[in-house]
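Undergrad: Predicted model follows, preceded by the sequence.
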Amino acid sequence: MIDNPFTDLRSLFLGLVYGSMFVMAVYNFIIYLSLNDKTYLYYVLVAVFNILTLGTLSGLGSQFIWTGSTHLDMILYVAFAGVSMFFTSLFTIEFLQLKVRSSRLFKVALAFGVASLVMSAVSLIAPPSVTEVFGRLLVLTMFPVFITIGFVIYRQGFKPAGVNVFAWIPYTLSLVLAILRVVEFVPEGIISNHILELGGSFEIVIFSFALAFRIKKMREDLVVKEIEKEQIKTAMLEERKVFLELEVEERTKELKQANATKDKFFSIIAHDL
């Protein structure tokens with residue numbers, strides 16, 4: 001007999017959510033070891049600290065690790081969230097190539113990353129009520145700004161930025177629904193009570209697709225560059241061929257003139273003799 005179907009359903013739901021994020025983290029860590037691309041490392045760190053953040057939010061930390069100490073849940077929730085947001089900033093900078101594409105947007109994204117890291121450090125010494133308010137303001141500001149940054153880079157012609165923009169939408173909507181649940185506009189339930197976990201898992205999965213799209217785009221760019229190199233080689237060979245033909249023609253004219261002069265010279269000598 002099942003004593004508490006709601007609890008079992010919750011365990012299954014959270015298992016699927018955390019399992020999907022864990023699988024994406026391991027998969028992209030293997031890719032990082034293969035490519036040695038910092039973007040994938042930042043993604044893995046975002047996923048890991050996202051799992052830790054949501055784990056403390058759902059009470060799994062006090063349930064299985066720091067047993068009975070629910071006070072640590074709120075402290076570590078803000079701390080882990082700050083570190084996750086910091087690596088999210090670094091991931092966005094690398095993924096959207098902000099250093100190259102826009103120094104102004106690079107500074108904006110980096111500023112949010114630094115602010116997130118400061119929030120994480122302060123949460124370990126300041127009252128949770130203070131850091132929680134600061135964290136909410138930072139999150140509600142950061143995500144719309146990052147969506148805007150992605151849209152700007154997409155308008156510049158960098159197509160993978162479109163997937164990056166789409167990845168922020170589920171988590172942003174989950175934040176809105178979580179706030180509506182707090183004010184009792186949305187009823188409680190398995191989904192509404194863990195909407196942040198669901199939004200976070202969708203974000204991580206979509207970011208993984210964004211990285212896959214990025215690899216595809218890099219391969220296409222390499223193919224285009226190889227074609228351009230072959231075209232340049234062909235053009236250079238054609239130019240060299242034309243140059244050689246002109247040079248041969250010039251030398252032929254010179255030889256004809258030399259032969260004509262020689263024939264004339266021998267003709268004069270023969271006449272004199």
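TA: Thanks, I have it.

Undergrad: Closest to the centroid, which residue in the chain?
TA: What sits nearest the mean C-alpha location of the chain, by C-alpha atoms, centre = their mean, is F95, with 3.0 Å.

Undergrad: now the helix or strand containing L138, how far from the centre of its chain.
TA: Using DSSP states H and E, L138 falls within helix 128-155. Relative to the centre of its chain, helix 128-155 is centred 17 Å away, using C-alpha atoms, centre = their mean, to the nearest Å.

Undergrad: picking that back up, give me the spatial nearest neighbour of the residue nearest to the centre of the chain, chain neighbours excluded.
TA: Spatially, and ignoring its direct neighbours in sequence, F95 is nearest to T39 (5.4 Å; C-beta to C-beta, 6 or more residues apart in numbering). For the C-beta atoms, the positions are set from N, CA and C on the backbone; glycine is no exception.

Undergrad: residues making contact with stretch 106-113?
TA: Here stretch 106-113 makes contact (C-beta atoms under 8 Å, 6 or more residues apart in numbering) with 85-86, 88-90, 92-93, 98-99, 138, 141-142, 145-146, 149.

Undergrad: go with 7 Å
TA: Under the criterion C-beta atoms under 7 Å, 6 or more residues apart in numbering, residues F86, S89, L90, T92, I93, L98, K99, M142, V145, I149 lie in contact with stretch 106-113.

Undergrad: between those residues, which is nearest E230?
TA: Here the nearest of these to E230, counting by C-beta to C-beta, is K99; it sits at 30.4 Å.

Undergrad: So that closest one versus P128, what's the distance?
TA: 36 Å (C-beta to C-beta, to the nearest Å).

Undergrad: Also Y18?
TA: Separation of Y18 from P128 (C-beta to C-beta) stands at 24 Å.

Undergrad: When these two are compared, which one has more neighbours?
TA: Under the criterion of other C-beta atoms under 10 Å, the comparison of Y18 against P128 puts Y18 first, with 19 against 15.

Undergrad: ok, now which ones touch the more buried one?
TA: Counted by C-beta under 7 Å, 6+ apart, Y18 has contacts I51.

Undergrad: In this protein, which helix is the longest?
TA: Counting residues, the longest helix in the chain under DSSP state H turns out to be helix 195-272.

Undergrad: can you state the direction angle for it and helix 128-155?
TA: 30 degrees (axes from the mean of the first three to the mean of the last three C-alpha atoms, to 10 degrees).

Undergrad: could you say what helices and strands helix 195-272 packs with?
TA: Packing contacts for helix 195-272, counted by 3 or more C-beta pairs under 7 Å, 6 or more residues apart in numbering; DSSP states H and E, involve helix 5-35, helix 38-57, helix 160-182.

Undergrad: same thing but at 10 Å, please
TA: Contacts defined by 3 or more C-beta pairs under 10 Å, 6 or more residues apart in numbering; DSSP states H and E place helix 195-272 against helix 5-35, helix 38-57, helix 70-95, helix 160-182, helix 190-193.

Undergrad: quick one: average confidence on it?
TA: The average pLDDT within helix 195-272 is 71.

Undergrad: and the angle from it to helix 70-95?
TA: Using the same axes, to 10 degrees: helix 195-272 against helix 70-95 is 20 degrees.

Undergrad: hang on, the earlier thing: which one of the helices and strands packed on helix 195-272 lies nearest to F213?
TA: Per C-beta to C-beta, nearest to F213 of these: helix 160-182, 5.2 Å.

Undergrad: for that closest one, which positions count as buried?
TA: Applying a neighbour-count criterion of 16 or more other C-beta atoms under 10 Å, one finds 160-168, 170-172, 174-175, 177-178, 181 buried in helix 160-182.
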